[in-house]
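1. model the structure of this input:
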Amino acid sequence: MRRRLAEGLVVLLAIASLGAGAASGPSSLEAAKVTSPLAKTSGKAHTSSKSRGYQVGTASWYGTEFQGKQTASGEPFDMLDFTAAHPSLPLGTLVKVTNLRNGKAVVVRVNDRGPVVDGRIIDLSYNAARALGFKERGLQTVRLDLYQPTNMALLQPIAKLN
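-> Numbers count the residues shown, from 1 in each chain. Down below sits the predicted model:
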């Protein structure tokens, strides 16, 4: 009986918290317009009331020499992952990076801090730079957009009730 009551209470609280989150404040997309960390960083930052914040500037990449070394997030760097180093975005942030030279785009997860060279706005993993088509060049002008998938809740694990 107690277990059934506890399970019901957990379900009720979960539903209530989902409803409260949906009803309170601006959506994550609207919040990005107002408080985008990208708009506050160095480099050429652009914002407008009609679009999410974004940043345009020079990207570089890093690979073999950092393979396996610890990143700012504490995980080992894997040059084959789609990850990046950014000076101010929260670790774990997803960012869509578009190569302005060829229009190719990828989504990377910020797991490190950098770049350490002035004038650069992001350091990409080897694989991300390869997918964008600029690993041979080393540097490329890119556009950064915060990436907030609408189905992010589907990626979250569901707690088991025992």
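2. Leu124: neighbour count?
-> Residues lying near Leu124 (other C-beta atoms under 10 Å) number 30. (Glycine included, C-beta is placed from N, CA and C.)
3. can you tell me how far it is from Gln140?
-> Leu124 sits 9 Å away from Gln140, going by C-beta to C-beta, to the nearest Å.
4. can you work out which residues contact both of these two?
-> Here Leu124 and Gln140 have Ala59, Leu132 as joint contacts, going by C-beta atoms under 8 Å, 6 or more residues apart in numbering.
5. host element of Asp145?
-> strand 139-146 (DSSP states H and E).
6. now do Lys96
-> Judged by DSSP H and E, Lys96 forms part of strand 94-99.
7. show residues contacting the helix or strand just after that strand.
-> Per DSSP H and E, strand 94-99 leads on to strand 105-112 as the next helix or strand towards the C-terminus. Contact with strand 105-112 is made by 71-73, 75, 77, 81-86, 89-99, 123-125, 128, 131-132, 147, as judged by C-beta under 8 Å, 6+ apart.
8. could you give the angle of whatever helix or strand comes next after strand 105-112 to strand 105-112?
-> Helices and strands here follow DSSP H and E; after strand 105-112, the next one along the chain is strand 120-125. Relative orientation of strand 120-125 versus strand 105-112 (axes from the mean of the first three to the mean of the last three C-alpha atoms, to 10 degrees): 90 degrees.
9. mind giving me the packing neighbours of strand 120-125?
-> Under the contact criterion of 3 or more C-beta pairs under 8 Å, 6 or more residues apart in numbering; DSSP states H and E, strand 120-125 touches strand 51-62, strand 83-85, strand 94-99, strand 105-112, strand 139-146.
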